[in-house]
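[1] would you be able to build a 3D model of this:
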Amino acid sequence: MTAFSSSRTLLLGLAASFALAAAARADIVGRESDITDLRLGQKVYVDDGACPAGQIKEVSGLRLGTSGTVESVKKCVDRKGKR
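    Numbers count the residues shown, from 1 in each chain. Okay, here's the model as predicted:
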């Protein structure tokens, strides 16, 4: 019974790890026009060369506008990891 319990615990742990990794994955696109449905709080990184070397443009859903669309804010942030 302990072998079944420990293998089930391991499987649940792996499933939780994959779910968290998928949620933490940042979307990187080549153009702002590639962002089709930005949600509140979502961050999308745009690698279009508009920011200085070592930085990337971050577009994030800021608030809900009067027409029901998500208003965004754009800023250059430090690039993390490999390009």
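
[2] what about the helices in this structure?
    With DSSP state H as the criterion, the chain has helices at 2-24.

[3] give me the low-pLDDT residue ranges for it?
    1-26, 81-83 (pLDDT under 70).

[4] in stretch 55-67, what counts as buried?
    Applying a neighbour-count criterion of 16 or more other CB atoms under 10 Å, one finds 56, 57, 58, 59, 60, 61 buried in stretch 55-67. Backbone N, C-alpha and C define where each C-beta goes, glycine included.

[5] so which of those belong to strands?
    Mapping the buried residues of stretch 55-67 onto strands (DSSP state E) picks out 56, 57, 58, 59, 60, 61.

[6] which one of the buried residues of stretch 55-67 sits closest to residue 39?
    residue 61 (5.4 Å; CB to CB).

[7] tell me the contacts of that closest one?
    Residues counted as contacts of residue 61 (CB atoms under 8 Å, 6 or more residues apart in numbering) are 38, 39, 40, 41, 42, 70, 71, 72.

[8] CSV please, covering these and showing neighbour count and distance to residue 78.
    Listed next are those as CSV, based on neighbours: other CB atoms under 10 Å; distance: CB to CB, whole Å:
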residue, neighbour count, distance to residue 78
38, 18, 21
39, 9, 24
40, 11, 24
41, 10, 20
42, 15, 19
70, 16, 24
71, 13, 24
72, 17, 20
